[in-house]
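> From the sequence below, what's the structure:
(chains A and B)
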Amino acid sequence: MIIIGERINGMFKDIGQAVREMDPKPLQEWAIKQQEAGATYLDINTGPNTDDQVTAMKWMVQVVQEVSDLPLCLDSTNYDAIEASLELCKKPAMINSCPADRPKIERVFPMAVKHNAKIIGLTMDAKGIPKNADNRIALAMELVAAADEFGLPMEDLYIDPLILPVNVAQDHAPEVMEAIRQTKLLSNPAPKTVLGLSNVSQKSPDRPLINRTYLAMVMACGLDAIIADANDDDLMATAATGEILLNQSVYCDSYIKVFKSR
Amino acid sequence: MAFAVVKERYSSKVNEVVLGATSEKGGTRSHVLKVGGQTTLPYLHFEGEVPNKPIIAMEVTDVEPNWPAPLKEMFKDVYNEPVDWAKKCVAEYNADVIYVVLNGADPDGANKSPEECTETVKAILKAVDVPIIVKGCGDEEKDNEVLTKIAEECAGENLMIANAEQENYKSLAAACMVHKHTLIALSPLDINICKQLNILVNEMGLPLDRIVIDPMIGGLGYGIEYAYSIMERVRMGALQGDKMLSMPMVCTVGYEAWRAKEAYADGEEFQSWGEQSFRGPLWEAMTATTLIQAGADILLMRHPHAVKLVQKNIAELMESNKY
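The predicted model follows:
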């Protein structure tokens, strides 16, 4: 399971302030903390209150790479910021994200191919997020076709079927699970799948419980990656245990520890 | 239409482990040997790198062993002289490494002292210039005394020392770390214990590239398929990025092959199986070549004829099949 640590995001107060003041310390602390907890990618998001997204993201990429050698997940709707940052990434990065929307596909896929980057492809278009699995799959298919068209290796495409908060859109959880299963059948080799896991528990009282329960369920459907709180120890233990029970990694008594120090 | 070769791309590789140390690194060997480093399954040169050939370590015991006739016949002139025995293996049979088994330390046998055992190892180190693997007698308490003493006295030589086991690894791991040796971690045909033991040894501070896996094997006809499947799984783990299974593997080929009835049995009733002096070595060679296919990196062997056959097999396997 690929763990994309979600914490370096301007939506969080400390990071937002650090980005505005160009203070590298909070970013670097969270980079190290997430890496030690088991993150395999670090999400980088400037947050909404930044005037110059390009400069801000480039700066974030630089300061994070000073302390961590993890690959980065460049999280923005500003593709100029992502493109400028791709130049700076020491390891092949992940672009977060591109919807199944033709103008955006034409903007994002070529730059991913050029920089050997992976893409998180969202199963939504200009009309929004579909209500059921079938419509999610139709959009996933457009992204798969785009990967083929632009020459992106299929295993570098991460389909995100978009989970919504369970307290307002309960009927989406099983539809997303079905979408993950079917995405794996779209091509051979199959595209990867990813979820912004924490979204499932937005504004619910016991968020970690909902997150880790849903993680176990979607892992069984074939999920490859999550954008999540890497410092939630129970969540990481659930991911490690899921890998063992799916026979994806070899059991040993210290398997959780090994998972975190991959 | 052009034919496209389907190639698997693995995310990781087998650790490269060094045997022995030259004077620059604090040892006295004329050369070092490397094992591991593969980026693909055994001998798929067309798909990845197989940078090091498997090596053969020939077994020498410090006291006269009770071995079957074909082995006794080959070594009768040196049977009681481990130093001469080691020399003979290197000079006459081109052994890559000498595998010294200190059966004489056994408290129920000759009960040799740690000092006596150390002298034997030092004498062999002086007599031959190839790297050396040292194994204890199998009595945990005694081995901890004997092997830590040897590790200390031969500091810097980068011996390969056997065996660390799940219930007894601390003294040996510490000795290898402090005195710069490599450790063989033995697990009883159990991949889960194998991985756990590597973690435990590594947590003691011994780097991963100073650990070698002994997965325990069965000889041909005696459970070799169990060993084979575990070794395959270990190797797949290594190539898929499981750091705790990324070590090269060592196999006790001679020991297991010569425990097989087909190798050791002599006498009238077994004549239909063919000459023992022929079928015994063949049994050992077949055990070795089978395990090489499963990823064995170091073969601990006994009979010179078997060694010769396996050397030939290795040379053939190391020829490139790139296309």
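> so whichever residue of the stretch 1-150 of chain B sits closest to chain A is in which element?
The shortest separation between the stretch 1-150 of chain B and chain A is 9.6 Å, found at B:Arg9 (distances taken as CB to the nearest CB). C-beta coordinates here come from the backbone N, C-alpha and C atoms, glycine included. Secondary structure assigned from DSSP states H and E places B:Arg9 in neither a helix nor a strand.
> That one: how many residues sit nearby?
Summarising burial for B:Arg9: neighbours were counted as other CB atoms under 10 Å in any protein chain shown, giving 10.
> For it, what are phi and psi?
phi -110, psi 120 (degrees, to the nearest 10).
> What separation do you get for it and B:Met236?
Plainly put, B:Arg9 is 14 Å away from B:Met236 if you go by CB to CB, to the nearest Å.
> same question, B:Tyr169
For B:Tyr169, the distance to B:Met236 (CB to CB) stands at 25 Å.
> out of the two, which sits in the busier spot?
B:Tyr169 (20 against 15).
> Identify the spatial nearest neighbour of that one, chain neighbours not counted.
What sits nearest to B:Tyr169 in space, not counting adjacent residues and going by CB to CB, 6 or more residues apart in numbering or on different chains, is B:Val201, at 5.5 Å.
> who does the helix or strand in which the one you found is found touch, helix- and strand-wise?
For B:Val201, the enclosing helix or strand under DSSP H and E is helix B:191-203. Packed against helix B:191-203, as judged by 3 or more CB pairs under 8 Å, 6 or more residues apart in numbering or on different chains; DSSP states H and E, are the following elements: helix A:255-260, strand B:182-186, strand B:211-214, helix B:224-239.
> Please point out which parts of it sit buried.
The neighbour-count check on helix B:191-203 (16 or more other CB atoms under 10 Å in any protein chain shown) flags B:Ile191, B:Ile193, B:Cys194, B:Lys195, B:Gln196, B:Leu197, B:Asn198, B:Ile199, B:Leu200, B:Val201, B:Asn202 as buried.
> got it, and stretch B:10-23?
Using 16+ other CB under 10 Å, the residues of stretch B:10-23 that count as buried are B:Tyr10, B:Lys13, B:Val14, B:Asn15, B:Val17, B:Val18, B:Leu19, B:Gly20, B:Ala21.
> what's the distance between the fourth one and B:Pro248?
Meaning B:Asn15. To B:Pro248, B:Asn15 is 7 Å away according to CB to CB.
> Quick check: residues of chain B near chain A?
Chain B comes close to chain A at residues B:191-193, B:195-196, B:199-200, B:233, B:237, B:241-245, as judged by CB under 8 Å from any CB of the partner chain.
> Could you rerun that using 10 Å?
B:9, B:166, B:190-200, B:203, B:233-234, B:236-237, B:240-245 (CB under 10 Å from any CB of the partner chain).
> how about the closest residue to chain B within the stretch 1-150 of chain A, what does it touch?
Closest approach of the stretch 1-150 of chain A to chain B (CB to the nearest CB) occurs at A:Thr40, with a separation of 10.5 Å. Listed by CB atoms under 10 Å, 6 or more residues apart in numbering or on different chains, the contact partners of A:Thr40 are A:Met1, A:Ile2, A:Ile3, A:Ile4, A:Gly5, A:Gln34, A:Leu70, A:Pro71, A:Cys73, A:Ala225, A:Ala230, A:Arg262.
> Which members of those are the farthest-apart pair?
Greatest spacing in the contacts of A:Thr40, by CB to CB: A:Cys73 and A:Arg262 (16.6 Å).
> Mind jotting down where the strands sit in the stretch 51-200 of chain B?
Read by DSSP state E, counting those that start in this stretch, the stretch 51-200 of chain B holds these strands, from start to end of the chain: B:55-61, B:97-101, B:132-135, B:160-164, B:182-186.
> Quick one: mean pLDDT for the second one?
Read that as strand B:97-101. Averaging the model's pLDDT scores along strand B:97-101 yields 98.
> try stretch B:76-85
Here the mean pLDDT over stretch B:76-85 is 96, rounded to a whole number.
> quick one, phi/psi of the residue most central in space within chain A?
Most central in chain A under CA atoms, centre = their mean is A:Ile227, positioned 4.0 Å from the mean C-alpha point. Dihedral angles of A:Ile227 (phi, psi; degrees, to the nearest 10) stand at phi -100, psi 120.
> ok, now the one 3 residues further on?
Phi and psi for A:Ala230, reported as degrees, to the nearest 10, are phi -70, psi -20.
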